[in-house]
Each structure stands twice: as structure tokens, then as C-alpha cells.
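Asker: Attaching a predicted model along with its sequence, questions to come.
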Amino acid sequence: MPKRTREAKDSNAAEVGNEREERTTETRKIPPAHYAFKFEYFSLSSKNDITMYETNEFEVGDQKWQLILYPNGDRSRKGEDHMFPYLADSEANPLKVGWEINATVRFFVFDQIRDECLAKDAWRTLASYIAGKNWRFHAMKSKWGIPRFMPLKAFINPPNGYLVDYNCMFRVEVFVEKSLGLGECLTLKASPKSVSHEWKISKFSTLVNDCYSEVFTAGSHEWKVRLFPWGDGANRGQSLSMFLVLVDADKLASGQKVNTRFTFRLVHRNNVVHFQAASPNWFSSSDTSWGWSTFMPLKMVRECLKDDSCVIETEVTVLGTVSKLP
């Protein structure tokens, strides 16, 4: 396997945690294999307000990790107009106080044209941009990254091969234990279609407990609206509570998520919108419901629905999905 290495101080080297980083680069044919993240329709990240993305967890060295990516840079770390990758220990399984892990971390962007890895000193003409660093993870410093990892101009430049047909691939290596070869794929929809559903309710005042709309389909998934006419939990007797429920969540594979933007509207019979709220959210088998406990004050509901009837309009747009790489 041809390989050459060198160490050099880079003008784009990151200053993270009051330490200045020095990068080690190399060329090789074998791709990094600890975790891969494929991003389809990358150019839609800004349109869909995805300024930061956290992957699912993967385990290396008896510790769970997450790859964090700022596709358009992180201005708070002086990383604007640059790719910005982070590696962080899992928030669900954080390092205990007094514990620490020393790991050599390398981030990669894959060149799809040349199908090979790139040396740092030749990244403009070879294959995969790479930076390696030995970092110490502990309770007070749970994530490390490279704010100025790669200029966006170089990333989107077609001859470099990083962004091909709007798709790209990021990888990370954590040298703590043997690679597990896990990965996931985020796919954004180029032209997502919005689906509207109407739920007509008569004799609203006779409703007592929570109730559900009929099931409807949006983005190849089944949904329904859950309504608490007199509020749920602490909001009982104060607010109308309303939630969107992913009905077929049990059909999602492990690690699969659905990115959805949805809007609720309370409409009178004269098509007058009295109240509405919108929100984006990731749905999964463990996070099947999202909405508002305080959607609308009950006093306002009574004033609007003088004939005791209304229509609840729900508009759902599936923006993208996350699935495991085969």
C-alpha cells in the first residue's frame, strides 16, 4: 500500500479548547471505516435550516460517539465558509467526572471521482481531505473538532470530486478500538410535497378525553393527530393540546429517523383561521409524537367556536430521512 506521511503546520489549523492543532496527513487506498455519513442533496441543507447535524451513536473503545457536522461552518468558532466536523461522546452516555479517553481522531471527505484518500499537502488534486489529532475527551471537554476543516469553495468545486450529483460522503476514524464499520445516510428530498388533512369536529364541548383523527399518509408514512380538548397534564383545563403522531413508527428500522415539518390550524366553518402553529421535528421509533401542550388557550377556543364546531387542518411535509448504510 503506497503511503507517505508528513507533519506540517496549516494556516487553517484549528484553535479549539485553547490548543492549536497540528495536522498529520497521508495518502492511502484503504478508506476510513469506523463511521460513515452519506449526505444526499447536500445543497438543500441551508434551505431546510440544517445548520448542524448530529449522527446516530456508534461505539468504539467501549464508548459511544457521535459525528457532528456544520455543513456551512460555525461562525461562533470562526469557521464560516468552511466545513466543520466534530467528534463528541454520546449525550445519552456521557463520560463520568474523573474519567477520560485519549483517542486519535481523523476526519475525511471522500473524493468520488478518484476513489482514493488524499494527502493533506495535495488535497487540491488527490482524493480525500484528512486531518488527525490525539485528543483527550473527559467530562469537561466532551467534544473536539476542526472549525476550518475545508473551504466550502473547494468542497463544492466539481473537479475535486467531493460533491457529485449533490451527494457527498464524510467519514471519521477513532483510534481507540477495532473498527465496527457502522454508518448512516441522511437523504433530503429535492421537492418535498406537502399533504393537508382536515379533521371536522362537531359538538366540541361534549369531548371529554383525548381523541384521534383518522389516519392519513404523507411522505410514505402514516400519521394522525392526537387532541386533548381540555389540555393534557399540567395544562388540564387551561389549554387545548395537540400532537402529531407517527402511526407506523414500529415499522422503522433501528436508527431510522424521519425529518418532518408540520403545521396545525384551528379553522372555523367560515374558513377563518383562528390559530396556527408550525414546527420541524425528527420522528423515530422512540420519538413518535410531537406538538404543543399549550396550543391554544381554552378561553380563546370557547370564544372562537360559538357554534361548537371546528376543523383542524394539519399540513405535513417530509423533508428527509436517515437510514443505516447497507
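Answerer: Nice, thanks for sending it over.
Asker: Could you check how far E57 is from P151?
Answerer: 30 Å (C-beta to C-beta, to the nearest Å). C-beta here means a position set from N, CA and C on the backbone, and glycine is covered the same way.
Asker: the more surrounded of the two?
Answerer: Remark: of E57 and P151, E57 carries more neighbours, 18 against 14, as counted by other C-beta atoms under 10 Å.
Asker: who's in contact with the residue most central in space within the chain?
Answerer: Geometric centre of the chain, nearest residue: Y53, 4.0 Å, by C-alpha atoms, centre = their mean. Each residue near Y53 by C-beta atoms under 8 Å, 6 or more residues apart in numbering is listed here: 45, 68-69, 71, 186.
Asker: again, only this time at 7 Å
Answerer: Shown in contact with Y53 (C-beta atoms under 7 Å, 6 or more residues apart in numbering): 69, 186.
Asker: What of E57?
Answerer: Contacts of E57 by C-beta under 7 Å, 6+ apart are 64-66, 90.
Asker: so after the helix ranked longest in the chain, what's the next helix or strand?
Answerer: Assignment by DSSP state H gives helix 298-304 as the longest helix of the chain. Toward the C-terminal end, the helix or strand that comes next after helix 298-304 (DSSP states H and E) is strand 309-324.
Asker: pLDDT of that following strand, averaged?
Answerer: Averaged across strand 309-324, the pLDDT comes to 92.
Asker: now the helices for the protein?
Answerer: Going by DSSP H, the chain shows helices at 152-156, 298-304.
Asker: Can you give me the buried ones in stretch 236-243?
Answerer: 239-243 (16 or more other C-beta atoms under 10 Å).
Asker: how is this structure carved up into domains?
Answerer: 5-188, 194-324 (automatic domain parsing).
Asker: chain center to the shortest one: distance?
Answerer: When distances are taken as C-alpha atoms, centre = their mean, to the nearest Å, domain 194-324 is centred 22 Å away from the chain's centroid.
Asker: what about that domain, start to end distance?
Answerer: One end of domain 194-324 to the other measures 25 Å (C-alpha to C-alpha, to the nearest Å).
Asker: about what we covered before: could you measure from the residue nearest to the centre of the chain over to S45?
Answerer: Counting by C-beta to C-beta, the gap from Y53 to S45 is 8 Å.
Asker: for S194, same thing?
Answerer: Counting by C-beta to C-beta, the gap from S194 to S45 is 20 Å.
Asker: And the furthest pair within the contacts of E57?
Answerer: K64 and Q66 (7.7 Å; C-beta to C-beta).
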